[in-house]
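Novice: predicted model, plus sequence, below.
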Protein chains: 2
Amino acid sequence: MRETEHGPAAAEVTDRLTEVFDLVGPLYRRAQRKVEQDVPLEGLSVGTRAVLMMLREHGPMTVPQMGRAQALSRQFVQRMVNEAAARHLVEAVPNPAHKRSSLIRLTGVGETVATAVVDRERAMLRQVGGDLTDAEVTACLRVLSRLLRLLDDVDMD
Amino acid sequence: MRETEHGPAAAEVTDRLTEVFDLVGPLYRRAQRKVEQDVPLEGLSVGTRAVLMMLREHGPMTVPQMGRAQALSRQFVQRMVNEAAARHLVEAVPNPAHKRSSLIRLTGVGETVATAVVDRERAMLRQVGGDLTDAEVTACLRVLSRLLRLLDDVDMD
DNA sequence: GCGATGATGACAACTCAGATGTCATGATGA
DNA sequence: TCATCATGACATCTGAGTTGTCATCATCGC
């Protein structure tokens, strides 16, 4: 039986997707709380951590770009960036594409701190990594991305 | 190459798990917002919706059980349950196992409302369901469950 | 059986992540 | 050149969810 067809199998998949959402809530809250209690070690808040992680992963970005990527309001991200900038973890550099909105990028210190955070978190994830296959994680990423895209139109600003 | 071994492959998996977490944040916020704007149709709040959905899925439960399951504080869940009870969507029935903490279960009306919510949400998920295979969703559920268990110790109360 | 321990429910107070509103500025595009 | 739109700055607000406290009652060890 091909699972990608519509019909009974598709209905089955839809059912299970509900379960995925049911897992996202608790997972988000637990992760939030975990980060909340760990990240002060680096003198960060959850919000500034998110900014550092994004810049670390995707390179320099503008504030509105980050807001859209994280489904957060532009103004909130701005506050987090300002906070990070006050601690010299990030800095604004001129944006060749748009003169008014500067690119935000990690400073040397920022990179160091971001790496420390990532390393700590990966150490924790390593406990569970062995149980899961690469294929499973890939599938998970695909499912979550698809769901995210489904909710793309739900936006603000 | 077996991916479940430790070594390079395991490290790779750990890396990708970070990506999973990066997806959970935006997904949670978007879903929250979507539910927020849809669920007033049934005259519910996000919290009461969560209670109804849990009872619908798992049958009667006590308040503390629901709190643990959703990683929410007992008191908060209690408030949501009280709210739902005020609208006669749920009711307390004696708990044979523990005399002091009664079981909460859906009323007839509650069941109707919960079904309406589920149906609407499944209709939306159906748009995406066809793209994904049953195996992928299963893998996703497994990954998320594993991550949730990893954070089990992070708790409150 | 009886006291210690510990859940539970009820209620009050608080916090803070994140949204919303508004304005001035300057970039962009027809 | 003018209208439009995106950005940054700042101020205010909201409400989901927590924390604190207390009385009650169930459970369990002795």
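Specialist: It's in. Numbers count the residues shown, from 1 in each chain, chains lettered A, B, ... in the order given.
Novice: number of nearby residues for the closest residue to A:S101 other than its chain neighbours?
Specialist: Closest residue to A:S101 apart from its sequence neighbours, by Cβ to Cβ, 6 or more residues apart in numbering or on different chains: A:T62 at 4.5 Å. Placement of C-beta: from N, CA and C, glycine included. Per other Cβ atoms under 10 Å in any protein chain shown, the neighbour tally for A:T62 reads 20.
Novice: please apply the same query to A:R33.
Specialist: Neighbourhood size, A:R33 [other Cβ under 10 Å]: 16.
Novice: go on, A:H58?
Specialist: 11.
Novice: DNA strand D versus that one, what's the distance?
Specialist: 15 Å (Cβ to the nearest atom of the strand, to the nearest Å).
Novice: quick check: phi and psi on that residue?
Specialist: phi -110, psi 0 (degrees, to the nearest 10).
Novice: again, but for A:D131
Specialist: Per-residue torsions, A:D131: phi -70, psi -20 (degrees, to the nearest 10).
Novice: pLDDT score assigned to it?
Specialist: Here, the pLDDT recorded for A:D131 equals 84.
Novice: surely it meets B:R146?
Specialist: Yes: contact criterion Cβ atoms under 8 Å: A:D131 and B:R146 qualify, at 6.0 Å.
Novice: which residues of chain A score low on pLDDT?
Specialist: A:1-9, A:153-157 (pLDDT under 70).
Novice: what about the strands in it?
Specialist: Counting by DSSP state E, chain A has these strands, from start to end: A:90-93, A:103-106.
Novice: how about the residues of chain A near DNA strand D?
Specialist: For chain A, the contact set with DNA strand D under Cβ under 7 Å from any atom of the strand comprises A:29, A:62-65, A:74-75, A:78, A:82, A:98, A:100-102.
Novice: looking at the residues you listed, which is nearest chain B?
Specialist: Using Cβ to the nearest Cβ, A:R29 comes nearest to chain B of the residues of chain A next to DNA strand D, at 4.4 Å.
Novice: next, find the distance separating A:V143 from A:E121.
Specialist: Distance of A:V143 to A:E121, given as Cβ to Cβ, to the nearest Å: 22 Å.
Novice: ok, now which ones touch A:E121?
Specialist: By Cβ atoms under 8 Å, 6 or more residues apart in numbering or on different chains, A:E121 lies in contact with A:D38, B:T18.
Novice: list the buried ones in stretch A:87-100?
Specialist: A:L89, A:V90, A:E91 (16 or more other Cβ atoms under 10 Å in any protein chain shown).
Novice: correction: stretch A:100-117
Specialist: A:L103, A:I104, A:L106, A:G110, A:E111, A:V113, A:A114, A:V117.
Novice: end-to-end on it?
Specialist: Start-to-end span of stretch A:100-117 (Cα to Cα, to the nearest Å) is 31 Å.
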